[in-house]
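A.B. asks: Kindly generate the corresponding structure for this input.
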Amino acid sequence: MAGFVLGAMSTLLWIVGIVWAMIVGGFPFYDPVLLFFIRIGFLTALGAILLGLTGKGKLRWPTVGAALAMGTLWLLAATAE
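C.D. replies: Numbering: from 1, shown residues only. Next up is the predicted model:
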């Protein structure tokens, strides 16, 4: 369950980052707020993967799959910087 919560937090942070970018008119390169979003989002996705792999139950594989997808998105966002 904790891994699922971390994965949901990573997804929510992605959505908040998009809304924030719309409000402020986009992010310049190496913007501290964007780098904060990327750092925290990737760490929550990584935590969700680790907790999902060690957990048991029905949410185990959906958590790992969603967290892998979010981790990939965060890595792609970081490499675009």
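A.B. asks: and residue 58, what are its phi and psi?
C.D. replies: Backbone torsions of residue 58, given as degrees, to the nearest 10, read phi -70, psi -30.
A.B. asks: what's the burial count for it?
C.D. replies: Residues lying near residue 58 (other CB atoms under 10 Å) number 7. Yep, even glycine has a C-beta here, placed from its N, CA and C like the rest.
A.B. asks: give me the low-pLDDT residue ranges for the chain?
C.D. replies: Within the chain, not a single segment meets pLDDT under 70.
A.B. asks: Next up, the contacts around residue 40.
C.D. replies: residue 13 (CB atoms under 8 Å, 6 or more residues apart in numbering).
A.B. asks: swap the cut-off to 10 Å and go again
C.D. replies: 9-10, 13, 17, 74 (CB atoms under 10 Å, 6 or more residues apart in numbering).
A.B. asks: Format those residues as CSV; extra columns: secondary structure.
C.D. replies: Below are the contacts of residue 40 laid out as CSV (DSSP: H, G, I helix; E, B strand; the rest coil):
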residue, secondary structure
9, helix
10, helix
13, helix
17, helix
74, helix
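A.B. asks: ok, of those residues, which one's closest to residue 45?
C.D. replies: residue 10 (4.4 Å; CB to CB).
A.B. asks: Would you mind stating the distance between residue 52 and residue 13?
C.D. replies: 17 Å (CB to CB, to the nearest Å).
A.B. asks: The two: who's more crowded?
C.D. replies: residue 52 (24 against 21).
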